[in-house]
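Asks: generate coordinates for the sequence data below:
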Amino acid sequence: MDEFHILLRDPETAKYTVEVYKRFRKWGGIPTAMTQNVKDLLKNSQIENILENARFIALLNQGPGDRNIIGERLHISSQQLSYVKDVQPGEGLLICDGTIVPFMDKFPKDTTLYKLMSTKPGEMLAV
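Replies: I've put the predicted structure just below:
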């Protein structure tokens, strides 16, 4: 689900989305949500239910306001948050079952796999 915070604006879609997260994991599913502005997402009261059921979170470059909220809500230290401050694409933090790990992915751009996985329109391979 891209621009995930939009689903949480309406009380009915927010309630349904929380149920998706709770139930899909029980059935072996992997619900996945993305948003560019975390503070919009974290403003919603329903997000607590989703975060409690999320076993994996990937954080990329974040603005100052988003970093502050993320640090507070996810209990991430300022040192750890430095890995999502002014970083390049493919760099950030992974949070898995409470373990926080910085990462740097320098995937070779001259490969077919990169072109298949790229989300940049000018780099996408026609398939």
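
Asks: and E3, what does it touch?
Replies: 34-36 (C-beta atoms under 8 Å, 6 or more residues apart in numbering). Backbone N, C-alpha and C define where each C-beta goes, glycine included.

Asks: how about a cut-off of 7 Å?
Replies: If a contact means C-beta atoms under 7 Å, 6 or more residues apart in numbering, then E3 has T35 as its contacts.

Asks: next: S82.
Replies: No contacts exist for S82 under C-beta under 7 Å, 6+ apart.

Asks: who's in contact with the closest residue to F103 other than its chain neighbours?
Replies: Spatial nearest neighbour of F103, excluding adjacent residues (C-beta to C-beta, 6 or more residues apart in numbering): L94 at 5.6 Å. Under the criterion of C-beta under 7 Å, 6+ apart, the neighbours of L94 are 58, 101, 103.

Asks: L94 in helix, strand or coil?
Replies: Here L94 is strand, with the state taken from DSSP: H, G, I helix; E, B strand; the rest coil.

Asks: quickly list what it is bridged to.
Replies: Listed by DSSP bridges, the beta-bridge partners for L94 are A58, V101.

Asks: against L59, how distant is it?
Replies: L94 is 8 Å from L59, where distance means C-beta to C-beta, to the nearest Å.

Asks: ok so, going back, do you know how far the residue nearest to F103 is from A58?
Replies: L94 sits 6 Å away from A58 when distances are taken as C-beta to C-beta.

Asks: again with A14
Replies: In this view, A14 and A58 are 22 Å apart by C-beta to C-beta.

Asks: between these two, who's got more neighbours?
Replies: Neighbours per residue, other C-beta atoms under 10 Å: of A14 and A58, the larger number sits with A14, 18 against 12.
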